[in-house]
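K.L.:
only geometry, no sequence info:
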């Protein structure tokens, strides 16, 4: 079985060529959304999957900043904001999020009802 390793954003493209799974940082804070994307892709509902993915784009945008240096940082910051302290990232990850990044993360989490 082939699994796409670039999270939800790339999952539709990977599914289109045979993947049947994807890695996910989002599943740590919003498992229902990540699973809904998986269900939509398994059903061949690419439009539905893409709509679900669009709703989590701010989260992925933060994770992609600093040449992907905030990839794990974004997940851990979101976990902390939702009451799950998991400690800092290890170098060379950026830690912590900048105040602007944290404000974007807080806005995203509030907008989807996670805080």
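P.N.:
Looks like it came in fine. Keep in mind it's a predicted model, so treat the numbers as computed, not measured. Numbering: from 1, shown residues only.
K.L.:
who are the neighbours in contact with the spatially most central residue of the chain?
P.N.:
Per CA atoms, centre = their mean, the C-alpha nearest to the average position across the chain is that of residue 26, at 3.5 Å. Counting by CB atoms under 8 Å, 6 or more residues apart in numbering, residue 26 touches 7, 8, 33, 34, 56, 59, 60. From N, CA and C alone the C-beta is placed, and that goes for glycine too.
K.L.:
out of those residues, who's nearest residue 113?
P.N.:
residue 33 (10.8 Å; CB to CB).
K.L.:
So what's the residue count around that closest one?
P.N.:
Other residues within reach of residue 33, judged by other CB atoms under 10 Å, total 20.
K.L.:
What strand or helix carries it?
P.N.:
Element membership of residue 33 [criterion: DSSP states H and E] is helix 31-42.
K.L.:
Can you give me the buried ones in whatever helix or strand comes next after that helix?
P.N.:
As assigned by DSSP H and E, the chain's next helix or strand after helix 31-42 is helix 46-54. Neighbour-count burial for helix 46-54 flags 49, 50, 52, 53 (criterion: 16 or more other CB atoms under 10 Å).
K.L.:
The third one and residue 46, how far apart?
P.N.:
Computed as CB to CB, to the nearest Å, the residue 52 to residue 46 distance reads 11 Å.
K.L.:
what do these two both touch?
P.N.:
residue 40.
K.L.:
Got the domain ranges for this structure?
P.N.:
With automatic domain parsing as the criterion, the domains of the chain are listed as 7-54, 69-111.
K.L.:
In JSON lines: the contacts of residue 26, plus pLDDT.
P.N.:
Below are those laid out as JSON lines (pLDDT from 0 to 100):
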{"residue": "7", "pLDDT": "89"}
{"residue": "8", "pLDDT": "94"}
{"residue": "33", "pLDDT": "97"}
{"residue": "34", "pLDDT": "97"}
{"residue": "56", "pLDDT": "96"}
{"residue": "59", "pLDDT": "96"}
{"residue": "60", "pLDDT": "95"}
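K.L.:
which of these lies closest to residue 100?
P.N.:
Distance to residue 100, by CB to CB, is smallest for residue 59 among the contacts of residue 26, at 15.1 Å.
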